[in-house]
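*Asks:* From the sequence below, what's the structure:
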Amino acid sequence: PAGVSRQEMKRLCDVHLEVMKDKLGVKAKKIKLPASHPISILKDEHKIIKRNLKKLKRTLEKLRTVDSFDKAKRFINTLKELSHFFLETEKHHQREEEAIFPRLEAHGIVEPPQIFKEDHVEFKAKKRLLNEIAMSQKKDFQEFMAEVAPIIEFLTENLENHIYKEDNILYPMAYETLEKDEWLDVRKKFDAIGYCCFAPADLPR
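*Replies:* You can find the predicted model right below:
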């Protein structure tokens, strides 16, 4: 609607998504799909991403217990590995955006993909920043912590929430909306883009 800011629109959509969650969330639990299905692949990747988000949170907690780069060496190495992992997960978002979102939009579902896409843009910027800071040779530990902590907090909180909404709202919605033969094309597009966390099961011949 005119005069409604993007932020407000997003908030309204969050409320709307919450309402839909109850309806779709029940269906989400009932969807039993083969491991080779695009939705199964995305959800399995989510499990790995969530495990690494927990690791990221723990790493920040450990960094907060030390006061110098010398003492933090091990934790910073973990942070470097994790920041690299999160950059790799961009392929996960890319597959959603290029293989699923256009099909949802073609079926008339336009607003949810737009909102998830905006989230992706924000996450991508934060992940890049996290990687830059983790790899930088900062001289001052306090300064390093002041920069890295808010980014980790942002990612661990918001990405977890985003995953929850995708698992319980976006994916059931996509499953209900797309035709069976469309999923074959989605999977082909997935394979062409490539994967981030593991090699998924092949399509049954």
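*Asks:* make it CA atoms for all contacts and neighbour counts henceforth
*Replies:* Fine.
*Asks:* pretty sure Ala201 is touching Ser40, no?
*Replies:* No. The pair Ala201 / Ser40 is not scored as a contact, 9.7 Å apart, by Cα atoms under 8 Å.
*Asks:* ok, now how distant is Lys80 from Trp183?
*Replies:* Separation of Lys80 from Trp183 (Cα to Cα, to the nearest Å): 36 Å.
*Asks:* Likewise for Leu33?
*Replies:* 12 Å.
*Asks:* Please state the backbone phi and psi of Met135?
*Replies:* The phi/psi pair for Met135 (degrees, to the nearest 10) reads phi -90, psi -10.
*Asks:* which residues does the nearest residue to it once chain neighbours are set aside contact?
*Replies:* Leaving out its chain neighbours, the residue that sits closest to Met135 by Cα to Cα, 6 or more residues apart in numbering is Lys80, at 6.5 Å. Going by Cα atoms under 8 Å, 6 or more residues apart in numbering, Lys80 touches 131, 134-135.
*Asks:* ok, 10 Å please
*Replies:* Lys80 makes contact with 130-136 under the criterion Cα atoms under 10 Å, 6 or more residues apart in numbering.
*Asks:* I'd like to know which of those residues is nearest to Ile169.
*Replies:* Leu130 (28.2 Å; Cα to Cα).
*Asks:* for the closest one, what are its contacts?
*Replies:* So Leu130 contacts 79-80, 82-84, 86-87, 124, 136, 147-152, 155 (Cα under 10 Å, 6+ apart).
*Asks:* Buried ones in stretch 169-189, by neighbour count?
*Replies:* 169-175, 178, 183, 186-187, 189 (16 or more other Cα atoms under 10 Å).
*Asks:* is it possible to export these to CSV including pLDDT and distance to Glu105?
*Replies:* Formatted as CSV, these follow (pLDDT from 0 to 100; distance: Cα to Cα, whole Å):
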residue, pLDDT, distance to Glu105
Ile169, 88, 15
Leu170, 92, 12
Tyr171, 94, 14
Pro172, 91, 15
Met173, 91, 12
Ala174, 95, 10
Tyr175, 94, 14
Leu178, 96, 11
Trp183, 97, 15
Val186, 97, 14
Arg187, 96, 18
Lys189, 97, 17
